[in-house]
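A.B. asks: Coordinates only, no sequence provided:
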């Protein structure tokens, strides 16, 4: 039996593949192990090879090719990787999903980095990949991939409904008086330094997108992955549009960039109170589950500060970005526009 396990970063593909291997007594090969073998073949360390791979699209293609060859030559094998199921003929194809906040938390623990750094890296990586798949990057997708991509994009457009809601409050001594919500932590305090007002905002692509991704899982792993990545890029664009529209009424103020709940030491535990204040459940259909994860999953909660003589930029410039050294946009002399 050939089994593939795919999913976006932080969805638990390696853990799932290892558990299946143990339970079923079937060997498993991860894309990571192939990557390490290729590094050894080149006489490079994993770090050196990672830097080399960032500017060489053929590395990913070679990993996919090797996994496909392993599947053809094996009777029983579990293959783990982002796009394993797309290139491999398998008896069972699994595609794992998890909300962004959960994935960022897992990666932060695994790689000893903060949740906000992990989340930003995920967003930039997936937006970059989505744009590249659509032909805006260095590599041009083949005709089969183009067909899948444009079909996914069309279906995403047909079900998504970008919505947002917001409220503006006066800020007094770093807090909003009269509401059941605390701006907790040094990160948000520094972000809102010198701010006089604060915008609470929530945006979503609506529940139809979650349903579409589940449907795509049944159709094929490539469809699910492309749709998931495209949706991650689109929700950021919805937030950009919402921010522009909101700030039209506050042109006399400077503003900070969007600061998400869960960034730095600003805890996610306030998600429910934040949504209640915005009446987000009734207005745009966004709620939170017991794990502090937003539902629908392609939703965002964030805060924007308004004031004068602000110390925080209104744009996450490359100088401020934690992913600047590995950003694919910067390597092309561009930026992600955030």
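C.D. replies: That came through, no problem. Predicted model, so just to flag it, every value in this text is computed and none were measured.

A.B. asks: any idea how far residue 97 lies from residue 227?
C.D. replies: From residue 97 over to residue 227 the distance is 11 Å, taken as C-beta to C-beta, to the nearest Å. To be clear about C-beta, it is placed using only N, CA and C from the backbone, and glycine gets the same treatment.

A.B. asks: repeat for residue 73
C.D. replies: When distances are taken as C-beta to C-beta, residue 73 and residue 227 turn out to be 31 Å apart.

A.B. asks: And the two? Which one has more around it.
C.D. replies: residue 227 (26 against 8; other C-beta atoms under 10 Å).

A.B. asks: surely the more buried one meets residue 214?
C.D. replies: No. Taking C-beta atoms under 8 Å as the definition, residue 227 is not a contact partner of residue 214, at 10.1 Å.

A.B. asks: Any idea how far apart the tips of stretch 179-192 sit?
C.D. replies: Distance between the two ends of stretch 179-192: 17 Å, counting by C-alpha to C-alpha, to the nearest Å.

A.B. asks: Contacts for it next, please.
C.D. replies: Contacts of stretch 179-192 from elsewhere in the structure, counted by C-beta atoms under 8 Å, 6 or more residues apart in numbering, are 116, 169, 171, 174-176, 198, 256, 259, 263-267, 270, 273-274, 276-277, 303, 305, 312.

A.B. asks: following the lengthiest helix in the chain, which helix or strand comes up?
C.D. replies: Across the chain, the helix with the greatest residue count (assigned by DSSP state H) is helix 221-247. Counting by DSSP states H and E, the next helix or strand C-terminal to helix 221-247 is strand 254-255.

A.B. asks: Can you list the strands that that following strand pairs with?
C.D. replies: For strand 254-255, the paired strands and their directions (DSSP bridges) are strand 299-307 (antiparallel).

A.B. asks: Of all the residues in the partner strand, which ones are buried?
C.D. replies: Applying a neighbour-count criterion of 16 or more other C-beta atoms under 10 Å, the buried positions in strand 299-307 are 299, 300, 301, 302, 303, 304, 305, 306, 307.

A.B. asks: circling back: mutual contacts of residue 97 and residue 227, please.
C.D. replies: With contacts defined as C-beta under 8 Å, 6+ apart, the residues adjacent to both residue 97 and residue 227 are residue 213.

A.B. asks: hang on, the earlier thing: so which of the contacts of stretch 179-192 are in strands?
C.D. replies: Within the contacts of stretch 179-192, residues falling in strands by DSSP state E are 169, 198, 259, 303, 305.

A.B. asks: what's the farthest-apart pair in these?
C.D. replies: Pairwise distances across the ones in strands among the contacts of stretch 179-192 (C-beta to C-beta) peak at 14.6 Å, for the pair 169 and 259.
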